[in-house]
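Engineer: The following comprises the amino acid sequence and a computationally predicted model.
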Amino acid sequence: MASDLQAQGLAIVIMGVSGSGKSTVCKMLAKTLGCNFIEADDYHSQSNKDKMSRGIPLSDEDRIPWLETLSSTIRNYLINGDTVTLTCSFSESSTGRSSDQLILTISLGTIATAGTITLCLVAPAEVIAERIKIRSNEEKHFMPAKLLQSQLDLLQMDEAEQISKIDATSGLQNIVNSIILLINNKYKCGNENLLPVSFPGSGLSLL
Ligand SMILES: Nc1ncnc2c1ncn2[C@@H]1O[C@H](COP(=O)(O)OP(=O)(O)O)[C@@H](O)[C@H]1O
Ligand SMILES: O=C(O)[C@H](O)[C@@H](O)[C@H](O)[C@H](O)COP(=O)(O)O
């Protein structure tokens, strides 16, 4: 199993509602690990972005083409044995399962279950609302604070999926270090060089 993981690469999925810090943390993590970074928002169609900026939550239908493109991109990284960090907000679908995860699973097949680790950034709603407000006042992002509640309502984490929760109110370096330690613990299986990365200056290592 361990050597399969090495051959297939690893996708580190950082989930959480808008404003929880996914993009910031993912970028820092990718820089620390020296690996690839995917900003899921970059894969949205203009019409999806326009819809959200008007304060209308996306439907599963809106999300499907987005997730399919995202999934095939991730799949290519994994097949090439690369490590990639990506942002991903999960939402409950009409089937009662998180639609993002459902599509990722369908598209990635067994690779998804073998080669991904998912972590969720969590923080009190008021902290996140304040961050979104500041960000949208600076006109840095299409997502309005108005949609936060819909995302909090829909955020679904199945205990069985063992998604580790990360305190998103902590300092950014602490968050990144915690994530690295979690990955380290998950994959501490005696297989050296599981991730094709090193941690310059961090004093941390994966195995
Ligand atoms: N741990 C943190 N502490 C303080 N501010 C943060 C933290 N993480 C993110 N932020 C800030 O919160 C805002 C939203 O972060 P962002 O990474 O864009 O969230 P997301 O990608 O989940 O929407 C940004 O302005 C960012 O600088
Ligand atoms: O499935 C969705 O409803 C959207 O993908 C939605 O999650 C949106 O893209 C982000 O939440 C906004 O971007 P940030 O989460 O990066 O703020």
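Structural biologist: On my side now, so go ahead. Residues are numbered from 1 along each chain as shown. Ligands and ions are numbered 1, 2, ... in the order given.
Engineer: Every contact and neighbour count from this point should use C-alpha atoms.
Structural biologist: Will do.
Engineer: On the C-terminal side of the lowest-mean-pLDDT helix or strand in the chain, identify the next helix or strand.
Structural biologist: Least confident element among the helices and strands of the chain, by mean pLDDT, DSSP states H and E: helix 2-8 (a mean of 43). Where DSSP states H and E defines the elements, the next helix or strand beyond helix 2-8 is strand 10-15.
Engineer: near ligand 2 at all, that following strand?
Structural biologist: No - against ligand 2, strand 10-15 shows no contacts by C-alpha under 6 Å from any ligand atom, the least distance being 8.5 Å.
Engineer: in its sheet, what does that strand sit against?
Structural biologist: Paired strands of strand 10-15, with direction, are strand 83-88 (parallel), strand 116-122 (parallel) (DSSP bridges).
Engineer: Dihedrals phi and psi, the residue of the chain found nearest ligand 2?
Structural biologist: Here the chain gets closest to ligand 2 at one residue, residue 18, 3.3 Å apart by C-alpha to the nearest ligand atom. Dihedral pair for residue 18: phi -60, psi 130, per degrees, to the nearest 10.
Engineer: so it touches residue 120, yeah?
Structural biologist: No - shown here, residue 18 and residue 120 do not form a contact pair, counting by C-alpha atoms under 8 Å, at 11.7 Å.
Engineer: Would you agree residue 63 falls within a strand?
Structural biologist: No - with DSSP: H, G, I helix; E, B strand; the rest coil as the criterion, residue 63 is assigned helix and is not in a strand.
Engineer: burial measure for it, as a count.
Structural biologist: For residue 63, the neighbour count with other C-alpha atoms under 10 Å is 16.
Engineer: swap in residue 139?
Structural biologist: 11.
Engineer: Unless I misread the structure, it falls within a strand.
Structural biologist: No - read with three-state DSSP, residue 139 is coil and lies in no strand.
Engineer: before we move on, back to that, winner for burial among the strands paired with strand 10-15?
Structural biologist: strand 83-88 (a mean of 25; mean count of other C-alpha atoms under 10 Å).
Engineer: Please see if that one touches ligand 1.
Structural biologist: No - applying C-alpha under 6 Å from any ligand atom, one finds strand 83-88 separated from ligand 1 by no less than 6.9 Å.
Engineer: again with stretch 27-43
Structural biologist: No - applying C-alpha under 6 Å from any ligand atom, one finds stretch 27-43 separated from ligand 1 by no less than 8.3 Å.
Engineer: For the helix or strand harbouring residue 166, buried residues please.
Structural biologist: Here residue 166, judged by DSSP H and E, is contained in strand 164-167. Of all the residues in strand 164-167, those buried under the rule 16 or more other C-alpha atoms under 10 Å are 165, 166, 167.
Engineer: How about the contacts made by residue 146?
Structural biologist: residue 55 (C-alpha atoms under 8 Å, 6 or more residues apart in numbering).
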